[in-house]
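>>> Give me a model of this one.
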Amino acid sequence: MSIAASIIASTLNAGTPLLIAAAGIVIHEKSGVLNLGIEGIMLMGAVTGFTVTLSTGSFALGFLAGAGVGILLGLLFAFFTLGMHANQYAAGLALSLFGAGLSAFIGKPLQGQALAERSVSGIPGLENIPFLGEAFFSQHILVYGAWVLIAAVWYFLFRTRAGLVLRAVGESPQSAFALGYPVLRIRLFAVLFGALCSGVAGAYLSLVYTPLWVEGMTAGRGWIALALVTFATWRPLRVVVGAYLFGGVTMLQFAFQ
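Numbering: from 1, shown residues only. You can find the predicted model right below:
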């Protein structure tokens with residue numbers, strides 16, 4: 001039972017960065033924008049979050065820094081694709097390469113550095129329940145935040161007028177523009193939200209999941225998050241299944257060994 005609880009807890013931990021990144025990807029792809037630079041944004045979020053937390057000792061500031069650098073890179077991507085009408089595939093690949101190279105350069109002095117001790121995680125009162133506490137209620141707060149985020153994305157897309165407008169912009173931008181909707185502005189906000197989520201997902205990797213900085217530590221998770229969204233047919237609730245399926249497979253290989 002203890003091994004099973006450990007595997008479940010590790011699966012939730014491993015799937016969380018994928019879930020956070022994929023939630024943002026769903027939004028900007030629903031608006032009709034494909035950003036292949038998620039891997040680079042996650043790497044920059046990871047190195048920035050780690051640097052800020054190492055300097056200040058504050059994990060909250062580290063996550064804010066990861067989100068901030070995500071927004072900055074999202075603005076850079078939007079400038080070229082929405083402002084200059086550059087090819088989305090080329091701009092996304094360039095952003096991915098840029099993020100990988102810059103994060104490696106910034107993170108070179110950080111190799112082997114240790115973070116300050118993190119406060120105890122879990123839900124007070126529930127984390128001590130046999131099996132269930134260890135498996136589900138002893139996680140970092142962002143694990144539960146990811147569930148709230150994916151539920152909010154689902155509600156926004158399929159239960160609000162703004163979500164309907166976003167989907168209309170993605171499916172038929174000419175019709176949406178003819179009806180008076182600001183297509184470029186809507187796509188800009190969608191891209192920034194997706195980049196913010198990717199930055200936070202990267203920060204989660206270096207502050208909670210590992211926690212340390214290693215060059216290329218995302219190990220393709222940005223590409224996996226992109227694939228998960230397609231696998232889930234752009235439906236947020238199916239993204240949850242895909243994220244934890246991958247997280248479970250990752251953890252099972254260690255358990256089998």
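>>> Need the three-state assignment for the spatially closest residue to Gln111 that is not a sequence neighbour.
Nearest non-adjacent residue to Gln111, counting by CB to CB, 6 or more residues apart in numbering: Trp213, 6.8 Å away. To be clear about C-beta, it is placed using only N, CA and C from the backbone, and glycine gets the same treatment. Classification of Trp213 using DSSP: H, G, I helix; E, B strand; the rest coil returns coil.
>>> per-residue confidence for Trp213?
Per-residue pLDDT puts Trp213 at 93.
>>> That one - how many residues pack around it?
25 (other CB atoms under 10 Å).
>>> In contact with it, which residues?
Contacts for Trp213 (CB atoms under 8 Å, 6 or more residues apart in numbering) come out as Ala46, Val47, Phe50, Gly107, Leu110, Gln111, Gln113, Ser206.
>>> Check Ile38 too.
Here Ile38 is in contact with Ala21, Ile25, Ser96, Gly194, Ser198, Gly222, Trp223, Ala225, Leu226 (criterion: CB under 8 Å, 6+ apart).
>>> cutoff 7 Å now
Ala21, Ile25, Ser198, Gly222, Ala225, Leu226 (CB atoms under 7 Å, 6 or more residues apart in numbering).
>>> now it, nearest residue through space, not along the chain?
Gly222 (3.8 Å).
>>> List the residues that contact the one you found.
Ala21, Ile38, Glu39, Met42, Ser198.
>>> Repeat the analysis, applying 8 Å as the threshold.
Here Gly222 is in contact with Ala21, Gly37, Ile38, Glu39, Gly40, Ile41, Met42, Leu43, Ser96, Ser198 (CB under 8 Å, 6+ apart).
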